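Student: Only the shape, not the letters, is given here:
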């Protein structure tokens, strides 16, 4: 098949408790990617602030904003000016007492063409997201843009093969994961590395299982626990782009701000699926128990 090249950009950054500083870093990364020819640019999860879910405080709901709102206006202006499709990640205030972890997609004309509300919500030490976020209710539906259909998922969603598969079955051209993940800096180095490698491996597996490119943008830096009860989180970066056989097309460092820009041949997905026809060979009539919590 004839190659169909899409140049993509990922922005890996540290964040600040000063919104203006975080937004400036995000915008600088987006402009860098666009200047290098990227037509699709993705920012990391909750890129306008520190990762506030390390503890529970009702005051932190003040960080949330409506959609559309200030951030979507800014992202839309930027997308239009740079003639790119831009993916951002926001703390959405849907209604009083109702909040979501939401990713938005702005097309090249600056309009918001879709949003995705994070479906899987963690509740672990240092990641108390169930306190802040209502699980998404928009399902697993790719967002149609001028550069293709984006299977947009968010962070904790990346551990679930069901989410990636449903996006693929709905016609996604790429899988995208804006992310904020790291580990306890006091854990032994080998344990921290096992966690990071598991995170990389599961997402490369989504590429292989579905024959689709995967884009992952993660933050960097140590963010202390404001309560002082834990050592905080050290976010491990490692943003990457994988091809439809899981091969690395680009990888970022674990601890430096970077803007990855790489060309993806979208036609390769068709070729890979012809050789590895996993969708053809699925035994869908035998999978009914997947909708159960557990098979007792």
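Tutor: Sure, I can see it. This one's a predicted model, so the numbers in the text were calculated from it and none came from an experiment.
Student: When you work out contacts or count neighbours from here on, use the C-alpha atoms and nothing else.
Tutor: Fine.
Student: which residues of the stretch 151-296 of the chain fall in helices?
Tutor: Remark: helices assigned in the stretch 151-296 of the chain by DSSP state H, counting those that start in this stretch are 161-169, 189-210, 268-275.
Student: which one of those has the most crowded surroundings?
Tutor: helix 161-169 (a mean of 20; mean count of other Cα atoms under 10 Å).
Student: Next one, pLDDT for residue 125 please.
Tutor: At residue 125, the pLDDT value in this model is 89.
Student: give me the number of residues near it?
Tutor: 12 (other Cα atoms under 10 Å).
Student: any chance you could map the strands in the stretch 51-200 of the chain?
Tutor: 85-95, 98-106, 112-117, 123-124, 127-128, 143-145, 148-152, 174-179, 182-183 (DSSP state E, counting those that start in this stretch).
Student: got TSV for the helices of the stretch 151-296 of the chain, with distance to residue 12 too?
Tutor: Shown next, in TSV, are the helices of the stretch 151-296 of the chain (distance: least, Cα to Cα, whole Å):
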stretch	distance to residue 12
helix 161-169	22
helix 189-210	15
helix 268-275	26
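Student: Low-confidence regions, this protein specifically.
Tutor: 1 (pLDDT under 70).
Student: about what we covered before: tell me the most buried of the strands of the stretch 51-200 of the chain?
Tutor: Mean neighbour count (mean count of other Cα under 10 Å) peaks for strand 174-179 among those, with a mean of 26.
Student: mind checking how far it is from the chain centre?
Tutor: 4 Å (Cα atoms, centre = their mean, to the nearest Å).
Student: what residues does that strand touch?
Tutor: Residues outside strand 174-179 that contact it (Cα atoms under 8 Å, 6 or more residues apart in numbering): 42-45, 89, 148-156, 158, 164, 167, 207, 212-219.
Student: So what are the sheet partners of it and their directions?
Tutor: Strand 174-179 sits in its sheet next to strand 148-152 (parallel), strand 214-218 (parallel), going by DSSP bridges.
Student: To residue 57, which of those strands lies closest?
Tutor: Taking Cα to Cα, strand 214-218 is the member of the strands paired with strand 174-179 nearest to residue 57, at 24.2 Å.
Student: mind checking how far that closest one is from the chain centre?
Tutor: The answer for strand 214-218 is 6 Å, by Cα atoms, centre = their mean.
Student: what is the orientation angle of it with helix 161-169?
Tutor: Using axes from the mean of the first three to the mean of the last three Cα atoms, to 10 degrees, one finds that strand 214-218 and helix 161-169 are set 130 degrees apart in direction.
Student: Can you classify residue 29 by secondary structure?
Tutor: Following DSSP: H, G, I helix; E, B strand; the rest coil, we place residue 29 in the helix state.
Student: That one contacts residue 11, doesn't it?
Tutor: Yes - taking Cα atoms under 8 Å as the definition, residue 29 is a contact partner of residue 11 at 5.5 Å.
Student: Need the overlap of contacts for those two.
Tutor: Residues touching both residue 29 and residue 11 (Cα under 8 Å, 6+ apart) are 258, 259.
Student: So which of those two has more stuff around it?
Tutor: Counted by other Cα under 10 Å, residue 29 and residue 11 do not tie: residue 11 has more neighbours, with 30 against 24.
Student: ok, that one - contacts?
Tutor: 26, 29-30, 33, 41-44, 217, 257-260.
Student: let's see 6 Å
Tutor: Neighbour list for residue 11: 29, 43, 259 [criterion: Cα atoms under 6 Å, 6 or more residues apart in numbering].
Student: Output the strands of the stretch 51-200 of the chain as JSON lines; include the columns distance to residue 271.
Tutor: JSON lines is the format used below for the strands of the stretch 51-200 of the chain (distance: least, Cα to Cα, whole Å):
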{"stretch": "strand 85-95", "distance to residue 271": "25"}
{"stretch": "strand 98-106", "distance to residue 271": "28"}
{"stretch": "strand 112-117", "distance to residue 271": "29"}
{"stretch": "strand 123-124", "distance to residue 271": "40"}
{"stretch": "strand 127-128", "distance to residue 271": "39"}
{"stretch": "strand 143-145", "distance to residue 271": "22"}
{"stretch": "strand 148-152", "distance to residue 271": "17"}
{"stretch": "strand 174-179", "distance to residue 271": "15"}
{"stretch": "strand 182-183", "distance to residue 271": "35"}
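Student: Out of those strands, which is closest to residue 56?
Tutor: Among the strands of the stretch 51-200 of the chain, strand 127-128 comes nearest to residue 56, with 6.9 Å by Cα to Cα.
Student: Now do the helices in the stretch 1-150 of the chain.
Tutor: 19-35, 70-82.
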